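Engineer: Provided below for reference: sequence and predicted model.
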Amino acid sequence: MATYKKKGHKPTSKEEQQKHVEEESTTAEVFNTLDEGAGKTEAWVAKNQKYIFIIIGAAALIILGYLAYNEFVQEPKEADAANEMYQAQEYFDAALDASGAESDSLYNMSLTGGEGKYGFLDIIDNYGSTDAANQAHYYAGMAYLNTSKYQEAIDHLDDFNSDDEILAPLAKGGMGDAFMQLDQPEEALSYYEEAASMRNNSFTTPKFLLKAAITAINLGEGEKAEKFLTRIEDEFPNSEQATQVPGYLGQAQAMK
């Protein structure tokens, strides 16, 4: 049974006296060790404090510099780029509603600018680190795609980076379209597959599944085409592409 020891209790037996001495000795060793460790740390800090202050100061300067850059350089640059790109987007949107030579002219103006405003290519050259410049790569790629400049389209769409639900797969699919026009169906198929798998929505997914299926059929890959078409049929039965599935599915199955 445990017993309560009063404060100030003095050891009476020799065993208790020995135990008490050992406990005091152990405690003293612990404190001595801690004192030695603290002393070494203090000595190291004292010896290296110049370098420590330099490191702390450098880190502070980096943080302050980053904050200042964002506030006084990057943010105004983003605003200027967005303002400059407005006219180019107007030309691009108008080109979508036009046709023939008028459409080509508007796409070219969206690329090179007009009315004293930059085009998408100018935005890329002058505001390369901004979100607007990244968006300009997408629009430039699509403008080139619609004016039959396929290698330029591929280059700009490949430089476009986005997590957007729609634009990201459209860019990959646009690269597939460009490769098809360059008579490189194998490359086109890989980009259509990637575009279809990047997101799962009722707009881009069935769109590029169908393009992948048609390309696979043209390459004689009926089994792969059937897989794409079946997915449209099962997952997107109300899509526009679903109405075209039966005809292409028959072609794909006939290849077996």
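Structural biologist: Okay, I see it.

Engineer: helix, strand or coil for D183?
Structural biologist: Secondary structure state of D183, per DSSP: H, G, I helix; E, B strand; the rest coil, is coil.

Engineer: Mind listing residues that contact stretch 121-133?
Structural biologist: For stretch 121-133, the external contacting residues (CB atoms under 8 Å, 6 or more residues apart in numbering) are 74, 77-78, 80-82, 84-85, 88, 111-113, 118, 136-137, 140. Every C-beta, even on glycine, is put in place using the N, C-alpha and C of the backbone.

Engineer: Kindly provide the whole-number mean pLDDT of it.
Structural biologist: For stretch 121-133, the mean pLDDT works out to 91.

Engineer: buried residues in that stretch?
Structural biologist: 121-124, 127, 130, 132-133 (16 or more other CB atoms under 10 Å).

Engineer: of all those, which two lie farthest apart?
Structural biologist: The most widely separated members of the buried residues of stretch 121-133, counting by CB to CB, are L121 and T130 (14.4 Å).

Engineer: Poorly predicted segments of the chain, please.
Structural biologist: Residue ranges of the chain with pLDDT under 70: 1-77.

Engineer: May I ask which helix or strand encompasses Y91?
Structural biologist: Y91 belongs to helix 75-97 when assigned by DSSP states H and E.

Engineer: Leaving out the residues flanking it, which one is nearest to A82?
Structural biologist: A132 (5.0 Å; CB to CB, 6 or more residues apart in numbering).

Engineer: Could you check how far that neighbour is from Y86?
Structural biologist: From A132 across to Y86, the span is 10 Å (CB to CB, to the nearest Å).

Engineer: got it, and L182?
Structural biologist: Taking CB to CB, one finds L182 at 32 Å from Y86.

Engineer: Next: T215.
Structural biologist: 37 Å.

Engineer: The two: who's more crowded?
Structural biologist: T215 (25 against 11; other CB atoms under 10 Å).

Engineer: Quick check: that one touching Y192?
Structural biologist: Yes: assessed by CB atoms under 8 Å, T215 is found in contact with Y192 at 6.1 Å.

Engineer: list the residues that contact both of these two?
Structural biologist: Contacts common to T215 and Y192, judged by CB under 8 Å, 6+ apart, are G176.

Engineer: Which strand or helix spans the residue nearest to A82?
Structural biologist: helix 131-146.

Engineer: before we move on, back to that, quick check, nearest of the buried residues of stretch 121-133 to A153?
Structural biologist: Within those, proximity to A153 (CB to CB) peaks at L121, which comes in at 13.0 Å.

Engineer: The closest one: helix or strand, and which one exactly?
Structural biologist: Counting by DSSP H and E, L121 is found in helix 120-126.

Engineer: Toward the C-terminus from the host helix or strand of D234, list the very next helix or strand.
Structural biologist: Per DSSP H and E: D234 is located in helix 222-235. Next along the chain after helix 222-235, taking DSSP H and E as the criterion, comes helix 245-254.
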